[in-house]
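Asks: Could you look at this predicted model? Sequence included:
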Protein chains: 2
Amino acid sequence: MTTEIKLNKKEVTREKNQQLILNAAEQLFSQLGYDGASMSMIAKAAQVPKANILYYFKSKDGLYEAVIDRIVVNWNLGLNDINATQEPAIVLYNYIKNKVSLSIAQPLQSRLFAGEVLRGAPYLQNYISSSTRPWVKKKAALFQSWIDQGKIDSVNPYHLLFTIWSTTQYYADFQSEVLLILDKKDYTPQDITEITDSIAQIILKGIGLSVPTKNE
Amino acid sequence: MTTEIKLNKKEVTREKNQQLILNAAEQLFSQLGYDGASMSMIAKAAQVPKANILYYFKSKDGLYEAVIDRIVVNWNLGLNDINATQEPAIVLYNYIKNKVSLSIAQPLQSRLFAGEVLRGAPYLQNYISSSTRPWVKKKAALFQSWIDQGKIDSVNPYHLLFTIWSTTQYYADFQSEVLLILDKKDYTPQDITEITDSIAQIILKGIGLSVPTKNE
DNA sequence: TCAGTCGTTGACCTTTTGGTCAACAAAGTT
DNA sequence: AACTTTGTTGACCAAAAGGTCAACGACTGA
């Protein structure tokens, strides 16, 4: 029964090497896109022979899918942030705050994902249809119930969600443009606070709420 | 003096062929990215020998830059939409409406641009620094003056602009995701109205304005 | 200890890449 | 008509792409 407990030396190094490769691949795919990043570049970055990557992941496609799978798993962990039991203002504020933090903390993943979607999401269609869509549907229903109870203004729940996503992801995906315009080298902690506040203020007030004061 | 008036047969076909090539290149670069689209694919799509493209544009880089230049020129035409003389609500509403229309009418351009920025904007840095940044600065000053006059709420003007950009572009750049979630094949005219209304409602109310009734 | 499995890797393969070139066609100039 | 300039294009090239393979190394289990 406990077959997965004993980790051979082999299995340990296997896991380690795979993560090493995935890290390098994530970095390069995010920076250069699927076609822009070559197997030999990834091999060099991971300090591993190219043939070794092919041994683990079968093909470039396989590697790319593995990279995306890992991101999706990670992101799913934080997806259920929207909790129905609290007040709308608190729920939405926390969701926005978390999304901004996540975007800025993990821009590579956000950008890789964005690049995928930009090109028609060939590797993500299944995931979006089977995971994201039902999740969105549930949250849209929650928003609708808030509307029906008069807790928030009447807005299309889907577009409300898209508005939150677009504004929060923008700072990761279009980081280079934002920083160029703001004439900065990086986001400071103060920037992150300002971004969160701006977005939260506009969206919350925009649907008839006010930003919650600090009593979570 | 009037050397540019007489268009030789040569110059005419030159212009025509260049536009043909640029159209094909725009399409393919937008769909597949810089590295994903190859010269032979573009040549085939434009129904022109590959060597001919190289003759006109010198290199793949040259072609890419030409494609981007054309887009930038087109976009600049619509950039000065924000007009200081009218009421904030009307100005912003029209700007949002135009941006949504433009995004959905010209998704290829929006996505090509987005792909560029995503990868660090290597070909756009100069343009952003020299054109976009000053423009943004001016508009931010206008927003600030509205704030000082108490016409709109106090929000960071830059982030207000980023919010407008992100929400309006989202429907072009992430079209595949949006359509998958909404379970649609294309945006309908009604969708466009709903998108515009949602965004305008949230953002305008979010800064203390109300959506203008139909009297431009 | 000794098979047998799993992992490692340099050499090698085919295909495609961006790009060159030389020979030729077509227009403009005199 | 002769000459020059500009455009056209198939054949070609070196480099790099993704991927295969066979020989070898290292660990495990009996």
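Replies: Right, received. Where do you want to start?
Asks: So is the longest helix along chain A next to DNA strand D?
Replies: For chain A, the helix that runs over the most residues, judged by DSSP state H, is helix A:9-36. Yes. Residues of helix A:9-36 contacting DNA strand D under Cβ under 7 Å from any atom of the strand: A:9, A:10. Quick note: C-beta positions are derived from backbone N, CA and C, even for glycine.
Asks: Report the inter-axis angle for that helix versus helix B:9-36.
Replies: 170 degrees (axes from the mean of the first three to the mean of the last three Cα atoms, to 10 degrees).
Asks: Name the residues of helix A:9-36 that are buried.
Replies: Using 16 or more other Cβ atoms under 10 Å in any protein chain shown as the test for burial, helix A:9-36 gives A:17-18, A:21-36.
Asks: all strands for chain A, in order.
Replies: Assignment of strands within chain A using DSSP state E yields no ranges at all.
Asks: Contact partners for the residue nearest to the spatial centre of it?
Replies: A centroid search over chain A (Cα atoms, centre = their mean) returns residue A:110, at 4.7 Å, as the residue closest to the centre. Taking Cβ atoms under 8 Å, 6 or more residues apart in numbering or on different chains as the definition of contact, the neighbours of residue A:110 are A:102, A:103, A:169, A:172, A:173.
Asks: which residue ranges form the helices in chain A?
Replies: Defined through DSSP H, the helices belonging to chain A, from first to last, are A:9-36, A:39-46, A:50-57, A:60-77, A:88-105, A:107-118, A:125-127, A:133-148, A:157-173, A:175-182, A:189-206.
Asks: now those as a markdown table including mean pLDDT?
Replies: A markdown table is the format used below for the helices of chain A (pLDDT from 0 to 100):
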| stretch | mean pLDDT |
| --- | --- |
| helix A:9-36 | 91 |
| helix A:39-46 | 97 |
| helix A:50-57 | 97 |
| helix A:60-77 | 90 |
| helix A:88-105 | 94 |
| helix A:107-118 | 96 |
| helix A:125-127 | 92 |
| helix A:133-148 | 95 |
| helix A:157-173 | 98 |
| helix A:175-182 | 98 |
| helix A:189-206 | 98 |
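Asks: Which of those helices sits closest to residue B:129?
Replies: Relative to residue B:129, the nearest member of the helices of chain A by Cβ to Cβ is helix A:175-182, separated by 6.0 Å.
Asks: who does that closest one touch, helix- and strand-wise?
Replies: With contacts defined as 3 or more Cβ pairs under 8 Å, 6 or more residues apart in numbering or on different chains; DSSP states H and E, helix A:175-182 has these neighbours: helix B:133-148, helix B:157-173.
Asks: ok and the longest helix of chain A relative to helix A:50-57, angle-wise?
Replies: The directions of helix A:9-36 and helix A:50-57 differ by 100 degrees, with the same axes, to 10 degrees as the criterion.
Asks: what about helix A:9-36, near DNA strand C?
Replies: Yes. With Cβ under 7 Å from any atom of the strand as the threshold, helix A:9-36 lies in contact with DNA strand C, specifically through A:10, A:11, A:13, A:14, A:17.
Asks: Distance from the chain centre to that helix, please.
Replies: Averaging C-alpha coordinates over helix A:9-36 and over its chain gives two centres that are 18 Å apart (Cα atoms, centre = their mean, to the nearest Å).
Asks: Check stretch A:39-56 too.
Replies: Taking Cα atoms, centre = their mean, one finds stretch A:39-56 lying 26 Å from the centre of the chain it belongs to.
Asks: ok, is that stretch in contact with chain B or not?
Replies: No. Applying Cβ under 8 Å from any Cβ of the partner chain, one finds that stretch A:39-56 is not in contact with chain B, the shortest distance being 11.7 Å.
Asks: mind checking which of the helices and strands packed on helix A:175-182 is nearest residue A:143?
Replies: Nearest to residue A:143 among the helices and strands packed on helix A:175-182 is helix B:157-173 (16.6 Å), distances taken as Cβ to Cβ.
Asks: these two touch, right, residue A:143 and residue A:152?
Replies: Yes. Using Cβ atoms under 8 Å, residue A:143 makes contact with residue A:152 at a distance of 7.3 Å.
Asks: now stretch A:98-115: how far from the chain's centre is it?
Replies: Relative to the centre of its chain, stretch A:98-115 is centred 5 Å away, using Cα atoms, centre = their mean.
Asks: sorry, that was for stretch A:97-114
Replies: Relative to its chain's centre, stretch A:97-114 lies at 5 Å (Cα atoms, centre = their mean).
Asks: And stretch A:32-48, what's buried?
Replies: Of the residues in stretch A:32-48, those with enough neighbours to count as buried (16+ other Cβ under 10 Å) are A:32, A:33, A:34, A:35, A:36, A:37, A:39, A:42, A:43, A:45, A:46, A:48.
Asks: Close to DNA strand C: what parts of chain A are there?
Replies: Along chain A, the residues adjacent to DNA strand C under the rule Cβ under 7 Å from any atom of the strand are A:10-11, A:13-14, A:17, A:48-52, A:54-56.
Asks: mind checking how far the residue in chain A positioned nearest to DNA strand C is from residue B:103?
Replies: Across chain A, no residue is closer to DNA strand C than residue A:51, which sits at 3.0 Å (Cβ to the nearest atom of the strand). In this view, residue A:51 and residue B:103 are 45 Å apart by Cβ to Cβ, to the nearest Å.
Asks: Looking at these two, which one has more neighbours?
Replies: Between residue A:51 and residue B:103, counting by other Cβ atoms under 10 Å in any protein chain shown, residue B:103 is the more crowded of the two (23 against 9).
Asks: pretty sure the more buried one contacts residue B:172?
Replies: Yes. Using Cβ under 8 Å as the test, residue B:103 is close enough to residue B:172 to be in contact (3.7 Å).
Asks: quick one: residue A:196 from chain B, how far?
Replies: As for residue A:196, its distance to chain B is 10 Å (criterion: Cβ to the nearest Cβ, to the nearest Å).
Asks: and that residue, what is it in contact with?
Replies: Neighbouring residues of residue A:196 by Cβ under 8 Å, 6+ apart: A:96, A:97, A:100, A:101.
Asks: Tally up the residues packed near the last one, please.
Replies: Looking back up the chat, that one is residue A:101. Residue neighbour count, defined by other Cβ under 10 Å, stands at 15 for residue A:101.
Asks: could you check the distance from the residue lying closest to it once chain neighbours are set aside over to residue B:156?
Replies: Closest residue to residue A:101 in three dimensions, ignoring its sequence neighbours and counting by Cβ to Cβ, 6 or more residues apart in numbering or on different chains: residue A:192, at 7.0 Å. Relative to residue B:156, residue A:192 is positioned 13 Å away (Cβ to Cβ).
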